[in-house]
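> sequence isn't available, so here's the structure alone:
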């Protein structure tokens, strides 16, 4: 009887493991970009997600199943945690580099390995935010972003305004209540009257893919 119970427990564990493994396939990602730097993911703390004030995810190509590899736009999309959904996966976020002298940051999409370097978060003079290569920019200031603290009553949960150096405008989520909303830049409302100009970096990396077929635990 005891032996039968042990066998039953082992069988249950095998089934659970198989279900978890099956739910973490990245067929959609692999069909678009299969390039990996290694067989294991790097430390995830260096590549956080950017989230909007309403906790939606700010995602470029391959950072969400809502954004395809050939789409150079940046969007606010549902924030899916790793292992929570059978349909959608979780992915790594943004690399950040900064010049201590200038106070500006540059963000590149960690997942975007197959676009030939068109991975930097940029804004043009028309207010369009997109992923582009540094060499394609009219001014490197189009890829430079400065953090500004919000008013005291909104200065919690690490929210910040992000001001683009070339345009002088703030990163902003547009588009009502649809699941996929466009991110652009517009005039800054530093009084907090437009909460969709507030963003924070979060770490949601339990069971998140860093490339085709490779995810962290």
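Thanks, I have the structure now. Since the structure is predicted, the reported quantities are computational estimates derived from the model, not experimental observations.

> what's next to stretch 60-72, contact-wise?
28-29, 32-33, 49, 57, 59, 73-75, 77-78, 80, 87-89, 91-93, 109-112, 114-115, 118-119, 121, 130-132, 179-180 (Cβ atoms under 8 Å, 6 or more residues apart in numbering). For the C-beta atoms, the positions are set from N, CA and C on the backbone; glycine is no exception.

> swap in 7 Å and give it another go.
28-29, 32-33, 57, 59, 74-75, 77, 88-89, 91, 93, 109, 111-112, 114-115, 118, 130-132, 180 (Cβ atoms under 7 Å, 6 or more residues apart in numbering).

> please pick the buried ones from those residues.
29, 33, 57, 59, 74-75, 77, 88-89, 91, 93, 109, 111-112, 114-115, 118, 130-132 (16 or more other Cβ atoms under 10 Å).

> where does pLDDT dip in this protein?
1-23, 99-101, 204-205 (pLDDT under 70).

> now do the strands in it.
49-52, 57-59, 75-77, 94-98, 104-109, 120-123, 129-132, 145-148, 161-164, 170-173, 181-186, 199-202, 209-211, 214-215 (DSSP state E).

> next one: the third one to chain centre, how far?
With Cα atoms, centre = their mean, to the nearest Å as the basis, the distance from the averaged C-alpha position of strand 75-77 to the chain average is 9 Å.

> what does it rub up against?
52, 56-59, 64, 66-67, 173, 179-183.

> out of these, who's the most crowded?
Greatest neighbour count in those, by other Cβ atoms under 10 Å, goes to residue 59: 30 neighbours.

> beta partners of it?
For residue 59, the beta-bridge partners are residue 75 (DSSP bridges).

> do you know how far it is from residue 170?
Using Cβ to Cβ, to the nearest Å, one gets 19 Å for the distance from residue 59 to residue 170.

> returning to that earlier point: quick check, nearest of the contacts of strand 75-77 to residue 194?
For those, the residue nearest residue 194 by Cβ to Cβ is residue 173; the value is 9.3 Å.

> what's opposite the closest one in the beta bridge?
Beta-bridge partners, per DSSP bridges, of residue 173: residue 183.

> that older thread, turn the strands of the chain into TSV, including distance to residue 193.
Compiled in TSV, the strands of the chain are given as follows (distance: least, Cβ to Cβ, whole Å):
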stretch	distance to residue 193
strand 49-52	16
strand 57-59	20
strand 75-77	19
strand 94-98	27
strand 104-109	24
strand 120-123	21
strand 129-132	21
strand 145-148	14
strand 161-164	12
strand 170-173	12
strand 181-186	12
strand 199-202	16
strand 209-211	37
strand 214-215	40
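
> for residue 43, find the nearest of those strands.
Among the strands of the chain, strand 209-211 sits nearest to residue 43 (Cβ to Cβ), with 10.3 Å.

> what's the closest one packed up against?
If contacts are counted by 3 or more Cβ pairs under 7 Å, 6 or more residues apart in numbering; DSSP states H and E, strand 209-211 sits against no helix or strand.

> other residues contacting it?
Residues contacting strand 209-211 (Cβ under 7 Å, 6+ apart): 26, 29, 35-36, 41-42, 89-92, 113, 215-216.

> now these: which count as buried?
Judged by 16+ other Cβ under 10 Å, buried ones among the contacts of strand 209-211: 26, 29, 41, 89, 90, 91, 92, 113, 215, 216.
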